[in-house]
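when you get a sec, could you give me coordinates for this:
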Amino acid sequence: MTQNRVPHSVDTAIVGAGQAGLAMSWYLSRAGREHVLIDRRERLGGGWRDRWNEFCLVTPNWTSSLPGYTYDGDDPDGFMPRDAIAGRIAAYAAAIDAPVVLGTAVSRLSKRDGGFLLETTGGPVTAREVIVATGGFHKPKIPAVAAAFSARVTQLHTHNYTAETALPPGAVLIVGSGQSGVQIAEELQAAGRRVYLSVGSAGRMPRRYRGRDILWWVAQCERRGAEFGAPLPTVKMLPDPRMRFAANPHLSGHGGGHETNLRRMAADGINLLGHLDGIDGDRLRVRPDLADSLARADRFFDERFRPLIDLFIERAGVDAPPDDRMPFDFEPPEELDLDLAEAGISTVIWASGYRLDFGWLDMPILDEFGVPSQDRGVSEVPGLYFLGLPWQHTFVSAALVGVGSDATYLAGRMGLIDTAEVGTVSA
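Numbers count the residues shown, from 1 in each chain. The predicted structure is shown next:
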C-alpha cells in the first residue's frame, strides 16, 4: 500500500523499494514489525525502469520468484522485457501490501539517540533499525578520457540510452563488453548500424550447459551447493577485493535467450577493438590486446564455473547430458588506430558500469572502495543492515536469483524468523 508521506517515527525503515527492499518488507510483515519503505522514484518497479526500451532479463523468468511471491506464469524459461519485470516488482509490492512512500529521497542517515535519523525530502524520520536496499547501480561511470573526444561526437552512458532511433545517424562505438554493451551492440547492428565494440574484461557464459540454462546450475549451487561441497564462491574467497567491481559475464535474453560470443559477433560484422589507449579528437588509439581479451573471455566459464557445476552434478547425482558446446574459431583483425570521422562514428556509448554512492551515510562504515563494511548484510553499527549489494555474499547477491536467499539469511540475523526457517542457506 503506497502512502502519501513518511511517518515521523517508525520501528524499521527500509531505504529502497526494489526487489531487495520488498523482500525484507515481506519478512517484516510476517513478524508483525512496523516498517516503511522509502523510495526516491515516483513509480514502483525499482531500477528496472532505468533500463533502455528493448532491455530484457538475462536470467529466465523463474528467477523472479521472491519471498512469498513465486513465479507462476506460463513462460518460466522465457525472458521478461523491461516493462514486464518492472511491473512484476510493482505487483509484488501490492501482493504483500508493502507500506511504500514514493517520490521521497533520503539525503542523510545518521545515528540518533540509540536509533537513526533519516533526513528525507518528505521530512525527518526516526527509526530503531534501518535496512539499506538501494542496490549497486547508483552513478553512471564514465572515464575522464571521454573529455578528449571531438565535440561533434555524441556521448552517453548506457544508463541514458533509450533506443537506436534516438541516436544521431551514423556508426556507433560502444566501450565495454559486459551484459549491456554486448546486448546494445546486437540491437544496433540488427537496426542496420555499423557498430564498433571496445572489448573489456567481462567473461562469457554459455546460455545452456549440460541440458539446462546456465542460471539453473548457478541457482542450484547458490541454494544447495554447500550440501554437496560445491557452493558458489563467496566474497571472502576473492583474492582481491577489487574483484567485486568486475563486470558480470555477458549473456542475452533476447530472441528466447542466447550466448553472446564475441568471436561470432565479429564474424557477423561487428567491429571489435581492444581497450582504448588514447583519444585525440577524432583519432582513437587502441591497445594491441584484443586477442588476449577474447581468449580470457573464452576461458572464463571453464576456469570459474564449469568445475564447480560438474562437481555439483556428480555429487548431487543429477542426470545431465555431457557438455556439447562447440568452439567457434574466428580471430578478428586487430585495429590499433581508428579515425572516427572516416569510420562515420557519430556516437559513443559508454558501457562502463556504475559507481556506488553511499556518501549520504553519515557514519564511518565505508571501506577504501566506498563499500559499506558488513558481513552478509549485518553492519558494524547495531541496527543498520544492507541487502542487494554487489557481492554482498556471492556474485548473485545483487541479482533476482540471489536476493531471496540473502533476504532469508538477513531475516534470521534480525530475529524475524527462527534459524530453522533459514534452512540450508549457505554460510
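
alpha carbons only for contacts and neighbour counts from here, please
Fine.

which helices and strands does the longest strand seen in the chain pack with?
The longest strand of the chain (DSSP state E) is strand 123-132. Counting contacts by 3 or more CA pairs under 8 Å, 6 or more residues apart in numbering; DSSP states H and E, strand 123-132 packs against strand 9-15, strand 115-120, strand 384-386.

out of those, which comes closest to residue 236?
Closest to residue 236 of the helices and strands packed on strand 123-132 is strand 384-386 (CA to CA; 16.8 Å).

which neighbouring elements make contact with that closest one?
strand 123-132, strand 378-379.

apply 10 Å and report the result again.
Where contact means 3 or more CA pairs under 10 Å, 6 or more residues apart in numbering; DSSP states H and E, strand 384-386 is packed against strand 9-15, strand 123-132, strand 374-375, strand 378-379, helix 400-413.

who's in contact with that strand?
Under the criterion CA atoms under 10 Å, 6 or more residues apart in numbering, residues 12-15, 20-21, 111, 115-116, 128-135, 372-379, 392, 406-407, 410, 413-414 lie in contact with strand 384-386.

wouldn't residue 355 be in contact with residue 246 here?
No. At 11.8 Å, residue 355 does not count as touching residue 246 under the criterion of CA atoms under 10 Å.

any idea how the protein splits into domains?
Per automatic domain parsing, the domain ranges recorded for the chain read 2-138+356-422, 140-353.

how long is the longest one from one end to the other?
Between the opening and closing residues of domain 140-353 lies a distance of 6 Å (CA to CA, to the nearest Å).

picking up where we left off before, let's have the domains of the chain in TSV, adding mean neighbour count and mean pLDDT.
As requested, the domains of the chain are arranged in TSV below (neighbours: other CA atoms under 10 Å; pLDDT from 0 to 100):
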stretch	mean neighbour count	mean pLDDT
domain 2-138+356-422	19	95
domain 140-353	17	96
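
quick one: what helix or strand has residue 285 in it?
strand 283-286 (DSSP states H and E).

who does that strand pair up with?
Counting by DSSP bridges, the strands paired with strand 283-286 are strand 276-280 (antiparallel), strand 337-339 (antiparallel).

can you redo these as JSON lines with distance to residue 418?
Converted to JSON lines, the strands paired with strand 283-286 look like this (distance: least, CA to CA, whole Å):
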{"stretch": "strand 276-280", "distance to residue 418": "52"}
{"stretch": "strand 337-339", "distance to residue 418": "61"}
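
these: which one's closest to residue 387?
Closest among the strands paired with strand 283-286, once you apply CA to CA, is strand 276-280, at 34.8 Å.

who's in contact with the closest one?
With CA under 10 Å, 6+ apart as the test, strand 276-280 has contacts from 145-150, 175-176, 198-200, 284-289, 336-339.

which residue ranges form the helices in the stretch 151-300 of the chain?
All helices of the stretch 151-300 of the chain, identified by DSSP state H, counting those that start in this stretch, fall at 179-190, 214-224, 262-267, 290-304.

would you convert these into CSV that also reports distance to residue 319?
Shown next, in CSV, are those (distance: least, CA to CA, whole Å):
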stretch, distance to residue 319
helix 179-190, 30
helix 214-224, 13
helix 262-267, 31
helix 290-304, 20
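
which residues does residue 24 contact?
Counting by CA under 10 Å, 6+ apart, residue 24 makes contact with 14, 17, 30, 35, 37, 67, 98, 131, 133, 387, 403-404, 406-408, 410-411, 416.

let's see that with 8 Å instead.
407, 411 (CA atoms under 8 Å, 6 or more residues apart in numbering).

so it: helix, strand or coil?
Going by DSSP: H, G, I helix; E, B strand; the rest coil, the secondary structure assigned to residue 24 is helix.

look up how far residue 350 lies from it.
33 Å.

one more: residue 325?
Distance, residue 325 to residue 350, by CA to CA: 31 Å.

same question for residue 305.
Distance from residue 305 to residue 350, counting by CA to CA: 28 Å.

just to check, residue 348 is in contact with residue 152?
No. Counting by CA atoms under 8 Å, residue 348 does not reach residue 152; the two are 10.8 Å apart.

kindly check the end-to-end length of stretch 347-358 for me.
31 Å.

quick one: residues in contact with that stretch.
136-142, 153-158, 161, 167-168, 170-178, 180-181, 247, 366, 370-372.
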